[in-house]
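> have a look; sequence and predicted model below, questions after that.
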Amino acid sequence: PTLEKELLPLYFGWFLAKRDEDGMRKTSHEFLEQLGNLKAFKKRLLPYGCEDKQKLDLLKYFAKSPNILHCTAKYCDYGKVLGSEEYAQQEAVKKAYSKGYTLHISALFATPKTVGAQVELQPDQLLVWPADAEKEVMPKDTFPKGSRAHITLGTAADIQDVQTGIDLLEFIKLQQSGKDGEHLGDLTGAVAGKVSYYDNGMWLLNLSRKLEVKSIFSGYYG
Ligand code: 2AM
């Protein structure tokens, strides 16, 4: 018999269940629509390459959206990424594979590059979160484990998905240094919460009611 090597995916992650994925896309639209209509936002369009008070359709601005909404745990590039074999062989990862998880979303954010959801990983979810996930993209800073966890909802033209987690870490870095952003408005309905501005076109919505979405931990082979 031939020895078969296990295939590694493009990435491991939590994939939103169909019904919750549809809901999440609607929530994302609602967020961008309400944010774009905020007076404070209309006055701060320069980071988005617009003149002040010009009209900016955020739904069009974030032209790209992932085919399947998910929260990436480990990017493997089919095994080309160092450490992906070791990751896949961890007991915790094998145990989690194909199991259902509820993702907790505490905030939504938009920057000139990306729009995303901040995911608060639960203790059982942190078991499959790579120790170096934050260092991988921001080697000079220190973050609590799981800080990078997010769902990419959309990206501006020419921006890669991977940027969303970097943008999220940028918010957290500012929060860690005591800069909590300026409270510039409130959103209502399904996206009720406080909107804070962090300069350079960085907007964060702290949800009054955390969102919970059902997901399955698995690998994407694409
Ligand atoms: P995302 O997690 O922000 O959505 C495939 O490219 C998926 O792997 C995307 O969802 C992408 O971004 C994620 N990803 C995570 N780390 C990556 C990396 N270092 N390079 C490329 N994609 C990465």
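Great, that's in hand.
> where does pLDDT dip in the protein?
The chain contains residues with pLDDT under 70 at 1-5, 53.
> the strands in it, which residues?
Using DSSP state E, the strands of the chain run over 11-16, 70-75, 100-110, 114-120, 150-155, 182-187, 193-197, 203-220.
> will you turn the ones you listed into JSON lines that also has mean neighbour count and distance to residue 24?
Using the backbone N, CA and C atoms, a C-beta is placed for each residue, glycine as well. Listed next are the strands of the chain as JSON lines, based on neighbours: other Cβ atoms under 10 Å; distance: least, Cβ to Cβ, whole Å:
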{"stretch": "strand 11-16", "mean neighbour count": "23", "distance to residue 24": "6"}
{"stretch": "strand 70-75", "mean neighbour count": "23", "distance to residue 24": "10"}
{"stretch": "strand 100-110", "mean neighbour count": "20", "distance to residue 24": "8"}
{"stretch": "strand 114-120", "mean neighbour count": "23", "distance to residue 24": "7"}
{"stretch": "strand 150-155", "mean neighbour count": "24", "distance to residue 24": "7"}
{"stretch": "strand 182-187", "mean neighbour count": "16", "distance to residue 24": "16"}
{"stretch": "strand 193-197", "mean neighbour count": "20", "distance to residue 24": "16"}
{"stretch": "strand 203-220", "mean neighbour count": "18", "distance to residue 24": "6"}
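> how about these in CSV, adding distance to residue 49?
Shown next, in CSV, are the strands of the chain (distance: least, Cβ to Cβ, whole Å):
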stretch, distance to residue 49
strand 11-16, 30
strand 70-75, 28
strand 100-110, 14
strand 114-120, 15
strand 150-155, 15
strand 182-187, 20
strand 193-197, 17
strand 203-220, 15
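> what residues are up against the spatially most central residue of the chain?
Closest residue to the average C-alpha location of the chain: residue 150 at 2.6 Å, with Cα atoms, centre = their mean. Going by Cβ atoms under 8 Å, 6 or more residues apart in numbering, residue 150 touches 71, 116-119, 164-165, 168.
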